[in-house]
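*Asks:* please work out how this folds:
(one chain, ligands or ions: 1)
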Amino acid sequence: MLFTLNDDHRQIQELIRRVAREKIAARANDIDRTGEYPQDMFDLLKSLGLFTLPFPKEYGGTGSILSACVAAEELSRVCYNTCYVMIAQWGPFGAILHGGNETQKKKYLSGLATGELRASIGVTEPQSGSDVAGIRTRARRVAGGFKLNGSKIWCTNSPVADFVVVAAKLGDDNSRRAINLFIVEKDMPGYSVGPKEDKMGARGLPSCPVYFDDVFVPETNLLGEEGRGFKATMEGFNMIRPVMGARAVGLAQGAIDHAIEFLKNRYTFGTRVSDNQGIRWMLADMTMQTEAARLMVYRAAAMVDGGTTGEEQASYAAMAKGYATDVAMKVTTDAVQLFGATGISNDAPINRYMRDAKVTQIIEGTNQIQRNIIGNYLLGRPRRMVPAPE
Ligand SMILES: Cc1cc2nc3c(=O)[nH]c(=O)nc-3n(C[C@H](O)[C@H](O)[C@H](O)COP(=O)(O)OP(=O)(O)OC[C@H]3O[C@@H](n4cnc5c(N)ncnc54)[C@H](O)[C@@H]3O)c2cc1C
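*Replies:* As a prediction, the model looks like this:
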């Protein structure tokens with residue numbers, strides 16, 4: 001499979017590199033320190049048209065997950081939070097694309113692509129994160145639609161979102177087949193957003209609990225066909241997952257950039273620290289790992305763009321996400337080590353790279369769950385309660 005960057009990809013890369021240097025880099029530490037939502041960064045990305053990248057052409061996009069990965073990598077290299085502002089536009093994209101009807105796609109996908117709409121996705125609940133099938137939020141049929149009751153946690157972007165895509169079980173059935181997706185709009189009576197988490201990383205985007213107290217959701221806001229919610233959620237996550245790997249590649253590359261700059265200007269024992277072979281080998285290892293992660297991410301993205309679906313696509317996306325985020329954690333931790341005490345100071349940029357990298361190993365399916373996806377692809381799902389052979 002061919003997955004080299006073409007002229008379009010390179011143009012995006014160059015544009016973001018320039019804008020990141022001129023307009024974003026200076027804001028990065030501040031956004032992390034204050035933990036305030038960077039509206040100026042949202043406006044900047046919107047004006048550049050970057051939200052459109054992964055959306056199919058008929059909804060105003062370029063239809064390229066690889067372009068989205070290139071953009072995510074370059075933004076995250078400088079400011080993870082600004083990258084997250086962009087990726088938040090893509091959170092429910094896959095679920096709407098796979099699960100939604102044409103009216104819903106036109107309204108919500110076009111709105112997200114232009115930046116006229118903002119969204120969040122509500123799946124996780126206090127008792128069920130990885131185990132999506134364990135959610136308890138419940139929808140009941142009423143005249144003209146549904147009544148929603150329950151709550152979600154870690155609903156990122158919810159305070160600024162125009163709508164949230166909510167996973168809830170319909171009726172009394174407790175199985176995963178009962179999971180459906182509902183579009184809850186911000187002014188629907190009974191919907192409310194709680195206080196934001198005080199997070200160690202990804203601090204610029206608010207993650208909050210959200211509550212549904214007898215929220216009436218019209219029939220038109222059930223995403224797609226009844227009973228397809230679980231599948232749509234999973235297909236949506238799989239499709240966009242290479243981008244989660246891309247932002248980790250950006251974090252690793254950004255940490256290497258900062259480490260090189262620091263080491264070339266730091267002297268011990270009468271020489272530049274970067275002149276020590278042991279230090280050079282560390283940087284070489286960090287770069288080898290990052291480059292391997294980048295190739296995995298590009299390949300997984302090119303598979304989506306090339307039309308690969310199903311378990312094969314899910315598995316390659318899981319490899320890319322799992323590997324790239326593990327690399328980001330290792331490389332950013334090594335970078336902190338290379339900074340010495342300066343790396344521990346919250347004033348040093350390298351510090352936030354490591355904290356943001358930790359988040360990437362947990363969100364969008366933890367890295368253990370990615371390994372489960374890969375293992376299941378290789379071996380099939382494990383059969384429970386199988387007696388050991390005599
Ligand atoms: C910054 C941030 C933003 C987030 N934003 C959103 C959002 O917008 N919307 C949303 O719905 N959720 C969001 N989440 C929640 C996120 O999706 C969950 O935290 C994640 O899926 C893990 O769920 P959990 O925290 O409940 O951990 P658990 O599922 O309780 O897992 C605990 C530990 O056990 C491991 N584990 C669990 N099951 C298995 C298994 N079968 N095999 C091996 N290991 C296992 C996990 O990997 C983890 O290490 C966000 C989280 C963070 C940190």
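
*Asks:* pLDDT-wise, which helix or strand of the chain ranks last?
*Replies:* For the chain, scoring each helix and strand by mean pLDDT, DSSP states H and E identifies helix 93-99 as the least confident one, at a mean of 89.

*Asks:* got a list of contacts for it?
*Replies:* Residues outside helix 93-99 that contact it (C-beta atoms under 8 Å, 6 or more residues apart in numbering) are 54-56, 104-105, 108-109, 112, 121, 165, 181, 223-225, 228-229, 231-233, 235-240. For the C-beta atoms, the positions are set from N, CA and C on the backbone; glycine is no exception.

*Asks:* which helix is the longest one in the protein?
*Replies:* The single longest helix within the chain, with elements called by DSSP state H, is helix 229-264.

*Asks:* burial of whichever residue of the stretch 1-150 of the chain sits closest to the ligand, as a residue count?
*Replies:* Distances between the stretch 1-150 of the chain and the ligand by C-beta to the nearest ligand atom are smallest at G129, namely 1.9 Å. Applying other C-beta atoms under 10 Å, we find 18 other residues in the vicinity of G129.

*Asks:* P209 - nearest residue in space that isn't next to it in sequence?
*Replies:* G194 (3.9 Å; C-beta to C-beta, 6 or more residues apart in numbering).

*Asks:* ok, G134 next?
*Replies:* S128 is the one closest to G134 (C-beta to C-beta, 6+ apart), at 3.4 Å.

*Asks:* partners of the one you found in the sheet?
*Replies:* With DSSP bridges as the criterion, S128 is bridged to E125.

*Asks:* so what's it up against?
*Replies:* 134-136.

*Asks:* isn't G171 up against R177?
*Replies:* No: taking contacts as C-beta atoms under 8 Å, G171 lies outside contact range of R177: 10.4 Å.

*Asks:* between those two, who's got more neighbours?
*Replies:* More crowded of G171 and R177, by other C-beta under 10 Å: R177, with 16 against 13.

*Asks:* give me the neighbour count for the closest residue to Q313 other than its chain neighbours.
*Replies:* Computed as C-beta to C-beta, 6+ apart, the closest residue to Q313 that is not its neighbour in sequence is M303, at 5.6 Å. Number of residues near M303 (other C-beta under 10 Å) recorded here: 22.

*Asks:* so M303 is in which element?
*Replies:* Assigned by DSSP states H and E, M303 belongs to helix 277-305.

*Asks:* just the buried ones from the contacts of helix 93-99, in PyMOL syntax?
*Replies:* The buried subset of the contacts of helix 93-99, as determined by 16 or more other C-beta atoms under 10 Å, is captured in PyMOL by this line:
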select buried, resi 54+55+104+105+108+109+112+121+165+181+223+224+228+229+231+232+233+235+236+237+238+239+240
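
*Asks:* so how far is the helix or strand following the least confident helix or strand of the chain off the chain centroid?
*Replies:* Once the chain leaves helix 93-99, the next helix or strand it forms, by DSSP H and E, is helix 102-104. Taking C-alpha atoms, centre = their mean, to the nearest Å, the mean C-alpha location of helix 102-104 is offset from the chain mean by 24 Å.

*Asks:* state the mean pLDDT of helix 102-104.
*Replies:* Mean pLDDT, helix 102-104: 94.

*Asks:* same check on stretch 164-172?
*Replies:* Stretch 164-172 comes out at a mean pLDDT of 96.

*Asks:* what do you get for stretch 304-316?
*Replies:* Mean predicted confidence for stretch 304-316 is 94.
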